[in-house]
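Asks: Give the three-dimensional model of this entry:
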Amino acid sequence: MSVVTRDVHSASNSVSVSRPKPSVWGHSAFGRLIWKDVRLVRSLWIAGLISVAVVFLILCLPWVSQFPDSNALMGLFIMIPTLVALGLPPMLIGTENEDRTLDWVRGLPISWRGVLASKALVAVSVWLSLAIIAILLWQVTCISRGIGPGQGVSQSHELVLIVLLCGASVMLASFVSSFIFRSPIYAALLVIPLMGGCLWLSSFIAWNLPPQYRSDTAFGCLALGHVATGVVILLVLAKRRLAGFCDQSPFGLPRSLGRANRVRPALATESTWVPTRSMAVGGRPPIVVSLLWQQVRQTRWVLAGCLAVAFAGTAYLGSMPVDHVFSAAIAPLALLFLATIHVVLGVTTFYGDRQRQRTGFFAERGISVTKVWWTRLLPSLLVSLVIGTNVILCMASVRTGEFNRPMPIVFSMLPTIFVSQLLLFSIGAAASQWGRKPTLSYLLAPFWTSLWCSPVFNQLIVYPEQSWTLWPAAVVWLFATWRLMPRLIEGQTGPGLWVRGLAYAMLAMGVISAGVFGSIWWTTPPAMPTWKAKTLSSEIPQLSAGLWDETEYTAEEAAAVRLRRPSFDLPSHYDFQPDFQDFSASDFRSLTSDQPAQMPKEIRISFAPADQESLTHWHRIASASRALRNATAARLHAAETGSLSFLLQVAEPSEREGLFWLQRIAKAQGLFEADIKPPASQSEVDERAAFVRLVGLIPSEQLRLQSRRIALLSDWKRFQSSPTSFAGHSFSDPRYRLGIEMRRVRRLIDQGTRTVLQQLETTLPSRMDFQTPEQIRLWKLAIYTPTARIQTDTFFAIPEDVPIFLIEHEELIARLQKAAEAL
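Replies: Now for the predicted structure:
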């Protein structure tokens, strides 16, 4: 075998090295290389298998399948193989730089093509094996959860396509970035802009291209061109890194980007050493300053990259139009990406202390563990807070500018946002202390974070008012990092470290669960057995016989005909009549108390006369007449059937709509003023006469009082015998199966019903009363789902489907009746 002799120049001397001439496929050397690469990624492959198995076992639990939000966990079957595909190239190439084994690889009798083929073969094999297992477990999960074809991505060919596309594209980009950057962390972070560029190129599909270029063949060729370009770039970079006797920097990148190839200057002698100004004047810097400077130096690229990506992303989202075609899809992706940034910042905190040359460094010099701990946390935590503040400012500008949201709502989200990012940061910092290899922590920390946060945030979605429990959980995670810090700097690894970490994770989850259930127990109102027994034993009052005289329907006709649109005489100069329709008896019978009527909000008149102002006046009269007649009929029907949901969803809104149009007429005519001006035209005379007749259609005070009391008592008694629904709100959610939660709901409904009955007997509350917001919160906790509770969380807004009746409604009726009497 021929021998090639070259000189390898080091920092201190020159050594003559004999290297065998490399063959293309040396079988023994290639096998040893494959075995070495398999051992490099063994821990990542095992961690991926364990992660997929844990997700599968969680989804197969019977109580988990009952929660609809658990479907999001099935996305982890795609996320885990993709994360493994992202981490395989940095571990295969970047770990060689960290362990200084590239010189050994170059000494093997094998060409750079064989080295690249070995790493690619191992990476593809590990990724495909994990992807196949994830696909099979996906299918088993779909079968166990009863998800059939057509319900999401449940077919095998769809899942295979998604997994292969995501994994292959991410792995190719990761290989390219791993040959550009020597550090595996920087290589993994570079994948983000590379994949962003690929997504930007794919957005050209949405352009209005000519039809002949919008075929599948053209876009398939475009995709193959992208892949071929990536492969060519990969081969060029691999040749520059793996060929020869030195690790050349591709594209002239500075050597400072890689820690493995920094040229250390020779030590200066005492005669040539000159102290700098800072050393001569102040002596050695304090230990805290040195530790902070060391932490900033070893994490500066990650911190700068996270800041740049966060600021660029928020600027792009802030300038995106509301009606953008991808706005609905980008928002959740941006939220997920923002959470990943905080996790990466947490993992970066203790990344440098996992290196082997740091083992025992601080202990030998007597540096306090607590001092090392908080100096490691401070830079990354400050960057995390800056990113969170930037997100808050972006939300404030977008919400107040585009969506016209009040600023108090935005700033009320500050505690939740800050505690969420603190929790994500602390989880990432704790997870980085468990693993033996620092690179593996970057890949597994997002998965373990999502696995821990999934049940926690699902629990907080059910109980959004218990978000304060995240603060003690974040404190527990930070305490875990402080307790594990001595073992970290001593170089301990293995089960003794990660078992303690898992114990702290379970402790943090237990703190949240204890806080939630403790808060439920604390906020459960006391029982009212005396009032409850007295109310259950009392009979529900019946409608007075004289109340039927207020409507044009008899008791029998109200069961068959309802909500008829009004018909009235228009002035003589109108030669047309509006097209009024009646509800048939069958339509009325099909409308149950759980299915409120869908009433039109306006009357459409097809003919527009010249007197448009007069037509507007008569349109207000028509709308008010229809709404008030509907309100009277609906109140009678709700009282007869004892349906609180029908009263709240049909009768009360119809009455408010009629009063709104009467108020418009009164303000237009100046009827609320002390001195009412005489009418100026015949149309005003007709409108005032119609106003007087319409005020007479308002349901009487006795009908309003009796319908509210009868409907509330009837629905409350039905709930006591069969607690399945109240006021049209169902209690089928799995959380109501907990005895402590159902007991709280029962007592909240009892307390709310008692309060409303007392208000109906005495005086109704005012909108500005300090007890009204508390009453709204009580009803929301009792009968609202978490989603509805969040959607209706606005200032001074009273939901229409909760039994809260205000004095302002009665005062407006009194003002209208007073104005009608004055006419």
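Asks: Where does the prediction get shaky in the stretch 51-200 of the chain?
Replies: For the stretch 51-200 of the chain, applying pLDDT under 70 flags the ranges 61-74, 97-103, 145-159, 192, 194-200.
Asks: cutoff 90 now
Replies: Across the stretch 51-200 of the chain, residues meeting the criterion (pLDDT under 90) sit at 51-120, 131-200.
Asks: so where is the protein shaky, pLDDT-wise?
Replies: 1-120, 131-376, 384-422, 428-470, 483-503, 505, 509-510, 512-712, 714-753, 755-823.
Asks: Show me the strands in it, by range?
Replies: 3-9, 14-20, 725-726, 729-730 (DSSP state E).
Asks: Share the number of residues neighbouring Thr667, please.
Replies: Thr isn't right for residue 667; it's Lys. Counted with other CB atoms under 10 Å, residues neighbouring Lys667 total 11. Every residue, glycine included, has its C-beta placed from N, CA and C.
Asks: Ala651 now?
Replies: 29.
Asks: One more: Ala168?
Replies: Neighbours of Ala168 (other CB under 10 Å): 16.
Asks: swap in Ala634?
Replies: Considering only other CB under 10 Å, Ala634 is surrounded by 28 other residues.
Asks: Would you agree it is in contact with Ser654?
Replies: Yes - when contacts are counted by CB atoms under 8 Å, Ala634 is listed as touching Ser654 (5.9 Å).
Asks: show me the residues around Gly48 that make contact.
Replies: Neighbouring residues of Gly48 by CB atoms under 8 Å, 6 or more residues apart in numbering: Ile80, Pro81, Leu83, Val84, Leu130.
Asks: Can you tell me the closest non-neighbouring residue to Ser450?
Replies: Leu76 (6.9 Å; CB to CB, 6 or more residues apart in numbering).
Asks: so how many other residues sit close to that neighbour?
Replies: 23.
Asks: Where do the domain boundaries of this protein fall?
Replies: The chain breaks down into these domains under automatic domain parsing: 1-6+17-205+212-258, 284-523, 545-705, 722-822.
Asks: could I get stretch 454-474 in CSV with only the CA atoms?
Replies: Extracted in CSV, the C-alpha atoms of stretch 454-474 (Å, rounded to 0.1, in the frame of the first residue of the first chain):
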residue,chain,number,x,y,z
SER,A,454,-49.9,19.3,27.8
PRO,A,455,-51.8,17.9,30.9
VAL,A,456,-51.0,21.1,32.9
PHE,A,457,-52.3,23.5,30.3
ASN,A,458,-55.3,21.3,29.5
GLN,A,459,-56.1,21.5,33.2
LEU,A,460,-55.8,25.3,33.2
ILE,A,461,-58.0,25.5,30.1
VAL,A,462,-60.7,23.8,32.1
TYR,A,463,-60.0,26.1,35.0
PRO,A,464,-58.5,29.3,33.5
GLU,A,465,-59.0,31.3,36.7
GLN,A,466,-56.4,29.0,38.3
SER,A,467,-53.5,30.3,36.2
TRP,A,468,-51.9,31.6,39.4
THR,A,469,-50.8,28.0,40.1
LEU,A,470,-48.1,28.4,37.4
TRP,A,471,-46.1,30.7,39.7
PRO,A,472,-45.3,28.0,42.4
ALA,A,473,-44.7,25.5,39.7
ALA,A,474,-42.1,27.8,38.1
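Asks: how about it: buried residues?
Replies: 454-460, 462-463, 466-467, 469-471, 473-474 (16 or more other CB atoms under 10 Å).
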